[in-house]
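S.K.: Next come a sequence and a model predicted from it.
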Amino acid sequence: MTAALEMSDVSKEFDGNRALDGAWFRAGYGRVHALLGENGAGKSSLMNVVCGLYAPDAGRIAVDGAPVAVTGPAHARALGIGMVHQHFKLVRPFTVAENVAMANPLGGRWTDELARVAETIERHCGELGFELDPGARIDSISVAERQRVEIVKVLMSGARILILDEPTAVLTDDEADRLLGVVRGLAGRGAAVVLITHKLREVRDFADRVTIMRAGRTVADEDPKTLSDRRMTELMVGSAPRSAVAARSGGGKIRLDIRDLGAARDDGLAALAGITFAVQEGEIYGVAGVGGNGQTELAEVLMGVRPATGGSVALDGADRTAAHPGERRRGGLGTIPADRYLHGLTADLSVAENFALAGLAAGRYGRWWVASGRMRGDTEAAIAAFEIQGGGPATRSRLLSGGNAQKLVLARELSGGAGILVAHSPTRGLDLRACAAVQSQLLEARDRGAAVLLISEDLDEVLDLSDRVGVLNRGRIVGEFARPADRHAVGRLMVGHA
Amino acid sequence: MPDHAAAPPAGAYRARRLGRLNLEVRQSIGRVKHAAFIAFGLGIGLAISVAILMAAGVEAANIFEEFVVLTFFDRLGLSSVLIECSPLILVGLSAAVAFRVNFWNIGIEGQFFWGAIGATVIAIFDVGPPATRIGLMLILAMVGGFLWIAPPAILKIRLGVNEVISTLLLNYVAYLFVLNQIYGAWQDTRDRFPHSEAFDAAERLPLLGWEKVHLGLVISLAAVALVWWLMQRSRFGVYMRFVGANPHMALAAGIPVAMTIFLAVGLSGALSGAAGFVMGAAQEHRLTGTMAAGYGFSGIMIAFLARNNPVAVLVVAFMIGGLYAAGQSVKVFYSLPQALVSLIQAIVVMCVAASDFLVRYRVHWLRGAAR
């Protein structure tokens, strides 16, 4: 059988860093191929080569057995290759149909064309078994729906080789399962599907074949049924990662006290309605819930970047409902935002500046003459302590991989000795090892006596780490559980109509 | 375990081939390479300028003579470059400070005028003893520039009003106010020309004793040192970088974002005001309606070429000052139009700006196998 896609000996260097080092890959029609690896293993780079986004330094590519040199995205499309990127390429104020039409012009009069595009979208959705309103504006639909738009876009371009870059990273468990079901359906209809992921469960449940990459090389190409979870993890990370968690009950003293808190979404609708809970010293309070139920607004209100519309927030007994983020930080708050490059880091500034900013604002490095030598020294110490790889103090933080960027945020937030920590999806998009490192840091902070609020859409994470669990549903805390929380009871409240 | 030999054979790939352009975003770039690309752009700009001057009838040897030897290596030439560059440095710093916090101050000329107005008020009403007058003039000039930029700054911070529009339009308001004064209450009673009466000796910046170079140069250099310290060495400078690069993160990290923007923008206005003072107290010796002409554009251009770096502003302002001074003499000796001097400036700026493309992208040439 001729393979749909064959790549061999592909190498690519970025300013001296080898992203790909003789990697190879093959995929056949009618099957789902998982491409498994840690962050920075080269999965996305390899697929960006297929799509013509990167020109490889060396290597060979064949589509349907014929050698090709992909010169750009348009060429890739002509070859029947389509990719759904991790960061969606959609134009926000435009509708679903307009976005699809822009990528796949059908020709003819514009208004007429839109109607035909809408029809095609609906036909594709019907075949795949999901809903999408062609007339809805991109900025009014959820992340899961945006992803569907991307998939429809790629299908309409006639792609037979479909690449999905960590499609479930932004989805809840439920949405992820539905999406992966759709992915199976696509393979069933004859497409070659490449699923980039670092979740073993997805590989096991949904892939026919798994290619494992590590440090830019392909280390295995197997049937997942022949590999144990342990073996897959070993191939992926080189050695088995640490596992965490020891239970603990709070010390009683309330450090974060939230009463009757309300907040609005960007479009003005209520996102939080009368949230009340408290986090004690030495405990992790987990907020479980399906994404989009107010998690972002809750985290932002606590960070101080979104105003509360009602209620109060007290840190260590002092009211900070309307306080500037700087004042909150002086009051002992540390925050780990969900979007690392929106609220966590400034991509174009150096690791040292990003790390030292909190200390600088607290006056640790002087006001009139910044002690840059001391800043660099402290950054180097933090890089060592938090095992941040891929750059030194002078590296622009944009160049760090997701896991290392998150470790940098953690290093900054924890080195100030924050007594109250708000972490929103702190392990989203991280590989196993980075994930374990972040989680163990949260546990260490708890053991030091910090009050940790963990807002996460990953139920396993919430259940593993939290001493108490609150369930967030439609902007309310609809139930609270002490460890060990009953997974099914929590799940029912998450999806129930409260 | 499969190895490379087992990997499927396919079409050969080579990164660099002629025929088709392939671009890749650079993740980072070395200092030397960066400088080399800018020098490359500058070189092309200068080459085009030389070609234009030659087409306009200036001989190649004379171009070098006029623009390099007589401008930078001649006592009189160099002194006029230094005089030209004093206000240029100040407006360049003004633009750089505002741009660093992502505030597009297009109103430099308006703040320049209000600086000149502030200095003029002290001078023509003889405020304070003569010994302190020049200092008072500088202070009131900076206050004037600050006050003129404060409303757009507050509107931007509080209500999100676009500062490009507000600062731009306030230029016209300032200009018309100056016309109102110099055709009205402050008109020179001696010659009835539309300018204020001349400043007294105590209200003019003293000469440094080398040709006609005046104290404005020292003020400009002091401003460079001050802004360098503020932007590159103080905590406020770090705040400015974060606020400019990612205000969301800056706010979440606890930086006083609104205050940082307000102070930086206010300083920008004060520096433009100081430029108006230097122009009034050292070159025009009075308030005139044309004294600010071109300084807004020059300031933006200098800050852009200097990438908002205060020390680079000094260097660029010196070069632009040289271009102005040389342009003046070329204009006279070869009877070339003023537009030609502006054209040369524009070409050099565009070529340096275009070199940014090479800084941001790695260019690949691939064989056109696509179609």
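M.R.: Right, received. Where do you want to start? Numbers count the residues shown, from 1 in each chain, chains lettered A, B, ... in the order given.

S.K.: quick one: the helices in the stretch 1-150 of chain B?
M.R.: B:31-55, B:60-64, B:70-72, B:75-100, B:108-124, B:130-159 (DSSP state H, counting those that start in this stretch).

S.K.: And the strands in chain B?
M.R.: Secondary structure of chain B by DSSP state E: the strands cover B:20-25, B:361-366.

S.K.: Could you do the stretch 301-450 of chain A as well?
M.R.: Under the criterion DSSP state E, counting those that start in this stretch, strands of the stretch 301-450 of chain A are mapped to A:308-315, A:318-319, A:333-336, A:420-424.

S.K.: check contacts around B:Glu109.
M.R.: B:171, B:174-175, B:272, B:292-293, B:295-296 (CB atoms under 8 Å, 6 or more residues apart in numbering or on different chains). Every C-beta, even on glycine, is put in place using the N, C-alpha and C of the backbone.

S.K.: Quickly note the distance from A:Gly80 to chain B.
M.R.: 14 Å (CB to the nearest CB, to the nearest Å).

S.K.: Indicate the residue of the stretch 251-371 of chain B located nearest to chain A.
M.R.: B:Gly254 (3.5 Å; CB to the nearest CB).

S.K.: Just give me the neighbour total for the closest residue to that residue other than its chain neighbours.
M.R.: Nearest residue to B:Gly254, sequence neighbours excluded (CB to CB, 6 or more residues apart in numbering or on different chains): A:Gly326, at 3.5 Å. By other CB atoms under 10 Å in any protein chain shown, 19 other residues sit near A:Gly326.

S.K.: wait, doesn't A:Gly326 sit right on B:Pro256?
M.R.: Yes. Between A:Gly326 and B:Pro256 a contact is recorded at 6.2 Å, counting by CB atoms under 8 Å.

S.K.: And for the nearest residue to B:Arg233 once chain neighbours are set aside, the neighbour number?
M.R.: Closest residue to B:Arg233 apart from its sequence neighbours, by CB to CB, 6+ apart: A:Trp369 at 5.7 Å. Neighbour count of A:Trp369, defined by other CB under 10 Å: 11.

S.K.: next one: A:Met232
M.R.: 20.

S.K.: surely it meets A:Glu202?
M.R.: No. The criterion here is CB under 8 Å, and A:Met232 misses it with A:Glu202 at 11.5 Å.

S.K.: which ones are touching the residue of the stretch 301-450 of chain A found nearest chain B?
M.R.: Proximity to chain B, evaluated over the stretch 301-450 of chain A using CB to the nearest CB, is greatest for A:Gly326 at 3.5 Å. Applying CB under 8 Å, 6+ apart, we find A:Gly326 in contact with A:361, B:254-256.

S.K.: Go through the helices of the stretch 1-150 of chain B and name the closest to B:Met249.
M.R.: Closest to B:Met249 of the helices of the stretch 1-150 of chain B is helix B:75-100 (CB to CB; 16.0 Å).

S.K.: and that closest one, anywhere near chain A?
M.R.: No. Against chain A, helix B:75-100 shows no contacts by CB under 8 Å from any CB of the partner chain, the least distance being 12.4 Å.

S.K.: buried set for that helix?
M.R.: Under the neighbour-count criterion of 16 or more other CB atoms under 10 Å in any protein chain shown, helix B:75-100 has B:77-100 buried.

S.K.: relative to helix B:108-124, how tilted is that helix?
M.R.: 120 degrees (axes from the mean of the first three to the mean of the last three CA atoms, to 10 degrees).

S.K.: For helix B:75-100, what does the pLDDT average out to?
M.R.: The average pLDDT within helix B:75-100 is 94.

S.K.: Who are the packing partners of that helix?
M.R.: helix B:70-72, helix B:108-124, helix B:216-228, helix B:235-245, helix B:257-278, helix B:295-305, helix B:310-333 (3 or more CB pairs under 8 Å, 6 or more residues apart in numbering or on different chains; DSSP states H and E).

S.K.: hmm, try it at 10 Å
M.R.: Applying 3 or more CB pairs under 10 Å, 6 or more residues apart in numbering or on different chains; DSSP states H and E, we find helix B:75-100 packed against helix B:70-72, helix B:108-124, helix B:130-159, helix B:216-228, helix B:235-245, helix B:257-278, helix B:295-305, helix B:310-333.

S.K.: Serialize the ones you listed to TSV and add fields for mean pLDDT.
M.R.: TSV is the format used below for these (pLDDT from 0 to 100):
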stretch	mean pLDDT
helix B:70-72	85
helix B:108-124	96
helix B:130-159	95
helix B:216-228	96
helix B:235-245	95
helix B:257-278	97
helix B:295-305	91
helix B:310-333	88
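
S.K.: Could you report the neighbour count for B:Arg362?
M.R.: By other CB under 10 Å, 15 other residues sit near B:Arg362.

S.K.: my guess is it meets B:Phe37, correct?
M.R.: No. At 11.5 Å, B:Arg362 and B:Phe37 do not qualify as touching, with contact defined as CB atoms under 10 Å.

S.K.: Identify the contacts common to those two.
M.R.: Between them, B:Arg362 and B:Phe37 share these contacting residues under CB atoms under 10 Å, 6 or more residues apart in numbering or on different chains: B:Ile29.
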